[in-house]
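Colleague: Please work out how this folds:
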Amino acid sequence: MLADDPAASIAAIAAEAGVDRRTVYRRFASREELLAAIYEARYEAVARAIEDSRLREAPVAVALHRYVEGIIGVNRKWPVELTRLRAEETIRERRDSLIREVDAFLERAAAEGLLRADTPVAWASSLLPQLMHLAAQQLPQLSDAQAADMVVDTFLRGLGGR
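Modeller: Numbers count the residues shown, from 1 in each chain. Here you go, the predicted structure:
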């Protein structure tokens, strides 16, 4: 609901969930606390997807596909507005840690020739999440795995070794 309307009220959220707004307020003192909990749950799911993809030890092509498939699933389950998510101070350290882990993987992918050596890792790091976000939103007819196939193919054809 918040993905469709970031300004949705607690009362509207409670009604959509089939509970009284007092029930929501017993768990979350404010709308900001509710959003922080949503963001935290989303980042917990992102961390699990990163761990499951084995970015440090799996072959890079395999790890890339696992990572993309996992994040597309997270994006579909937790479709929060990314600009607000990035601005949330309560999760900045955790978010930065996850970004560093993915960036290290992308550096490994470049070093092993999966990505072009002349493409800055920062560009790949910015592009990949956007592709995954678009796939999660605009390809609902595809499974997470099929959407990952499309994202990885798009990502590597634009950044892949020659």
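Colleague: ok, then the element right after the helix or strand bottoming out on mean pLDDT in the chain?
Modeller: Using mean pLDDT, DSSP states H and E, the weakest-scoring helix or strand in the chain turns out to be helix 82-87, at a mean of 64. Following helix 82-87 in sequence order, the next helix or strand is helix 92-111 (DSSP states H and E).
Colleague: buried stuff in that next one?
Modeller: Within helix 92-111, the residues that count as buried by 16 or more other C-beta atoms under 10 Å are Arg95, Leu98, Val102, Phe105, Leu106, Arg108, Ala109, Ala110. Any C-beta I mention is one placed from the backbone N, CA and C, and that applies to glycine too.
Colleague: Hmm, Met150 is touching Ala135, no?
Modeller: Yes: counting by C-beta atoms under 8 Å, Met150 touches Ala135, with 6.2 Å between them.
Colleague: what's the longest helix in this protein?
Modeller: Selection of the longest helix in the chain by residue count, based on DSSP state H, yields helix 31-53.
Colleague: what about that helix, average pLDDT?
Modeller: Taken as a whole, helix 31-53 carries a mean pLDDT of 88.
Colleague: Now do the following helix or strand past that helix: everything it contacts.
Modeller: Following helix 31-53 in sequence order, the next helix or strand is helix 60-77 (DSSP H and E). With C-beta atoms under 8 Å, 6 or more residues apart in numbering as the test, helix 60-77 has contacts from 42, 45-46, 48-50, 52-55, 58, 102, 105, 108-109, 112, 114, 128-129, 132-133, 135-137, 144-145, 147-149, 151-152, 155.
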